[in-house]
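[1] need a structure here:
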Amino acid sequence: MTRHALIAASLALAAGTSALRAEPATWAIDRDHAVIAFTVMHAGYAKVLGRFSDLEGSFTYDPETRELGAVEVRIGAASVDTDHEERDVHVRSGDFLDAEANPDITFVAEGGTPASDTTGTVTGDLTIRGVTQPVTLDVTLNQVADYPCCHGKETIGISATASVLRSDFGSTYALPVFVGDAVDIIIEFEAIRQE
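    Numbering: from 1, shown residues only. Below you'll find the predicted structure:
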C-alpha cells in the first residue's frame, strides 16, 4: 500500500469512527429522579403546586453534536397530587384534566434548538384532555457524566420550564377569577443512556 493510499484509508477510517460516535443514543427518564410539576393561581391569592407521580419517557441525544430527536413523554393524568385529596379528585374531573376519558398526557417532539452549550428550546406537541397544542420548553442541560454511584451509567440531568393556558386545552372551569388560566410547568429529571 502506497503512503498516499495509507493516508486516505486512515482518513476514511477516522471519518467512519467519527460518524459512528456521532450516532445519537437513546436515553430513558429515571422515574426515581424525575419531577413534573405545575403551579396555577388560586383566586388571586397564591399559586397551588401540583405534581404527577406516574411518568415515563425517552429521547435520542448525542452529547457531542447536541443533536436531539424522538422525544416521547407520557404522564398519567390520574396521578396528579396537590397535597389535598378533595382537590385532587376535582382536578382529575372533567372540569380540569378529564383523566377518566383521557388518561394520558403526552409530549412528543422531533428536535431542539440549542442557544448555548447548556441551554436551548424544545418545541413539541403537548396533549391534555385529548387536545393537542404546540408548546416550547426552555431547557437547561445541567450535566452529562457517568453516575457517581449505584448503576454507574452515563446519565444526563435536565431542568426545563414552560407555560400554557389551560383554556387552550378546553379547561375553562372558574375562569377568569377563581382558578387561573396560566399554568407554569416545572420539569426536573435524570435520564440514563441505554445500551
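
[2] Quick check: the nearest residue to F189 once chain neighbours are set aside vs T155, distance?
    With C-beta to C-beta, 6 or more residues apart in numbering as the measure, A34 is the residue that lies nearest to F189, at 3.8 Å, once sequence neighbours are left out. Yep, even glycine has a C-beta here, placed from its N, CA and C like the rest. A34 sits 12 Å away from T155 when distances are taken as C-beta to C-beta, to the nearest Å.

[3] Pull up the overlap in contacts between those two.
    Taking C-beta atoms under 8 Å, 6 or more residues apart in numbering as the contact rule, A34 and T155 both touch E190.

[4] residue ranges for the strands of the protein, please.
    With strands called from DSSP state E, the chain shows them at 25-42, 46-52, 55-62, 67-76, 80-81, 104-109, 113-114, 119-128, 131-146, 154-165, 179-193.

[5] Make a markdown table out of those strands and add mean pLDDT.
    Rendered in a markdown table, the data for the strands of the chain read as follows (pLDDT from 0 to 100):
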| stretch | mean pLDDT |
| --- | --- |
| strand 25-42 | 98 |
| strand 46-52 | 98 |
| strand 55-62 | 98 |
| strand 67-76 | 97 |
| strand 80-81 | 98 |
| strand 104-109 | 98 |
| strand 113-114 | 95 |
| strand 119-128 | 98 |
| strand 131-146 | 98 |
| strand 154-165 | 98 |
| strand 179-193 | 98 |
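
[6] Of those, which is nearest S93?
    strand 80-81 (10.8 Å; C-beta to C-beta).

[7] That closest one - contacts with which helices or strands?
    Contacts defined by 3 or more C-beta pairs under 8 Å, 6 or more residues apart in numbering; DSSP states H and E place strand 80-81 against strand 46-52, helix 85-92.

[8] and the last one, C-alpha only, in CSV?
    Listed next in CSV are the C-alpha coordinates belonging to helix 85-92 (Å, rounded to 0.1, in the frame of the first residue of the first chain):
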residue,chain,number,x,y,z
GLU,A,85,-57.4,14.8,48.4
GLU,A,86,-60.7,16.5,47.7
ARG,A,87,-59.0,19.0,45.3
ASP,A,88,-57.1,16.2,43.6
VAL,A,89,-60.4,14.4,42.8
HIS,A,90,-61.7,17.7,41.3
VAL,A,91,-58.5,18.2,39.2
ARG,A,92,-59.0,14.7,37.8
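
[9] From here on, call the first residue 6.
    In the new numbering, first residue 6, that becomes helix 90-97.

[10] Next, the buried residues of it.
    Neighbour counts using 16 or more other C-beta atoms under 10 Å place R92, D93, H95, V96, R97 of helix 90-97 among the buried residues.
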